[in-house]
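Student: Give the three-dimensional model of this entry:
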Amino acid sequence: MQVDRQLDDGALKAAFQFFISAVRPIPVVVEAYRHLIDPIADTPVPPISPRALIACDVSVSVILDLRSAANRVLANLTMEQLQSDTRDRDAYSACQNVAPVAH
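Tutor: Predicted coordinates for the structure are as follows:
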């Protein structure tokens, strides 16, 4: 699930994308700032606060489980792309296909 939020941190004002992913067994992790601090960025990043990591309970009815080969085909992703280094621009771009397929 992808949720857009607006953050106003003094001079830094930008829309961040929050990615929600389930990890075994039950915890859910919401990680912000990915697009600002991953080395995939082309331009220098402004000074930012540490990452925000939030654990919470959620209730969902539909999950796109990418452990399944059939679902990876549906999302047009390979295990190599999912496990690639963050510097791999092609794999990073391919992973953006997950949101449209999940919806």
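
Student: Spit out the contact partners of C95.
Tutor: 77, 81-82 (C-beta atoms under 8 Å, 6 or more residues apart in numbering). C-beta: built from backbone N, CA, C; applies to glycine.

Student: filter these to the buried ones?
Tutor: Among the contacts of C95, the ones that count as buried by 16 or more other C-beta atoms under 10 Å are 77, 81.

Student: Which of the contacts of C95 fall within helices?
Tutor: 81-82 (DSSP state H).

Student: quick check, nearest of the contacts of C95 to A94?
Tutor: When the contacts of C95 are ranked by distance to A94 (C-beta to C-beta), Q81 comes first, at 4.9 Å.

Student: in what helix or strand does the residue nearest to the closest one when sequence neighbours are not counted lie?
Tutor: Among residues not flanking Q81 along the chain, A91 sits closest, at 4.1 Å (C-beta to C-beta, 6 or more residues apart in numbering). Element membership of A91 [criterion: DSSP states H and E] is helix 89-95.

Student: Could you list the buried residues of that helix?
Tutor: Those would be 91, 94-95, for helix 89-95 by 16+ other C-beta under 10 Å.

Student: Among these, which one sits closest to S68?
Tutor: When the buried residues of helix 89-95 are ranked by distance to S68 (C-beta to C-beta), C95 comes first, at 16.2 Å.

Student: Where is pLDDT lowest across the buried residues of helix 89-95?
Tutor: The pLDDT minimum for those sits at C95, where the score is 81.

Student: and that residue, how far is that from C56?
Tutor: Using C-beta to C-beta, to the nearest Å, C95 is found at 23 Å from C56.

Student: again, but for A99
Tutor: 20 Å.

Student: Likewise for M79?
Tutor: For M79 relative to C56 (C-beta to C-beta), the value is 28 Å.

Student: before we move on, what about T78?
Tutor: 30 Å.
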